[in-house]
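In: sequence and predicted model, in that order:
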Amino acid sequence: MKSRVTSEQLGMSLGSERILDGIDYGAAIEVRIANIRRYAEVLQRRNALLLPMDWLLVMPPAPFCYPFLPARPIPVGRLHERGIFVPTLWKDCLQREQAGFEWERELASNLLPLPLDHRLGDDDIDYVIEAVLQLLKG
């Protein structure tokens, strides 16, 4: 007998539900907001993206990264060497040959979505900030 493949959503597993029920979402949001403020205190004036803090703290309510666009590129591999994971977003933009995606290519190539996970404390965020500052100096 053949099984029918569908995209119907059936819900999450009981195990996943239990894991997610154990998260204090309010506390996680507070830590993420504190971490983004810590980044902004030092890096905002060096950020080529003009992001008002009220935007960062409201949209979305629990940001996943501090979006840092350095004036000159920092290869993500240099951060990876220091144990700092920074993803590359929108890789597909780099492969587009059509005109009109210059800004998107700039972001895909040079944006550093710095981690601000709720499991990171002040020392962790300071470590990332210091690494970024050192790499900006060259």
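Out: Structure's in. What do you need? Residues are numbered from 1 along each chain as shown.
In: what distance do you get for the closest residue to residue 20 other than its chain neighbours to residue 21?
Out: In space, and not counting its chain neighbours, residue 20 is closest to residue 12: 7.7 Å by CB to CB, 6 or more residues apart in numbering. Every residue, glycine included, has its C-beta placed from N, CA and C. The span separating residue 12 from residue 21 equals 11 Å under the rule CB to CB, to the nearest Å.
In: select the longest helix from this protein.
Out: The helix spanning the most residues in the chain, taking DSSP state H as the definition, is helix 25-43.
In: what's next to that helix, contact-wise?
Out: Under the criterion CB atoms under 8 Å, 6 or more residues apart in numbering, residues 53, 56-57, 61-63, 66, 68, 114, 116-118, 120, 122, 125-126, 128-129, 132-133 lie in contact with helix 25-43.
In: which residues touch residue 70?
Out: Counting by CB under 8 Å, 6+ apart, residue 70 touches 46-48, 110, 112, 132, 136.
In: show me what contacts the most centrally placed residue in the chain?
Out: Note on the chain: the residue nearest the mean C-alpha position is residue 65, at 2.8 Å, using CA atoms, centre = their mean. Contacts were defined as CB under 8 Å, 6+ apart; by that measure residue 65 touches 113-116.
In: lowest-confidence entry in these?
Out: pLDDT across those is lowest for residue 116, at 90.
In: so how many other residues sit close to the residue lying closest to that one once chain neighbours are set aside?
Out: Ranked by CB to CB, 6+ apart and with sequence neighbours excluded, the top spatial neighbour of residue 116 is residue 35, at 3.7 Å. The number of residues packed near residue 35 is 24, by other CB atoms under 10 Å.
In: end-to-end on stretch 47-62?
Out: Using CA to CA, to the nearest Å, one end of stretch 47-62 lies 20 Å from the other.
In: pLDDT averaged over that stretch - what is it?
Out: On average, stretch 47-62 scores 73.
In: cool, and stretch 16-32?
Out: 91.
In: got the CA positions of the helix or strand residue 136 falls within in CSV?
Out: Assigned by DSSP states H and E, residue 136 belongs to helix 122-137. C-alpha atoms of helix 122-137 as CSV (Å, rounded to 0.1, in the frame of the first residue of the first chain):
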residue,chain,number,x,y,z
ASP,A,122,27.4,39.7,29.7
ASP,A,123,30.8,38.1,29.5
ASP,A,124,29.8,36.3,26.3
ILE,A,125,28.4,39.4,24.6
ASP,A,126,31.5,41.4,25.7
TYR,A,127,33.7,38.7,24.1
VAL,A,128,31.9,39.1,20.8
ILE,A,129,32.0,42.9,21.0
GLU,A,130,35.8,42.8,21.7
ALA,A,131,36.4,40.4,18.8
VAL,A,132,34.4,42.6,16.5
LEU,A,133,36.3,45.7,17.6
GLN,A,134,39.7,44.0,17.2
LEU,A,135,38.8,42.9,13.7
LEU,A,136,37.6,46.4,12.8
LYS,A,137,41.0,47.7,13.7
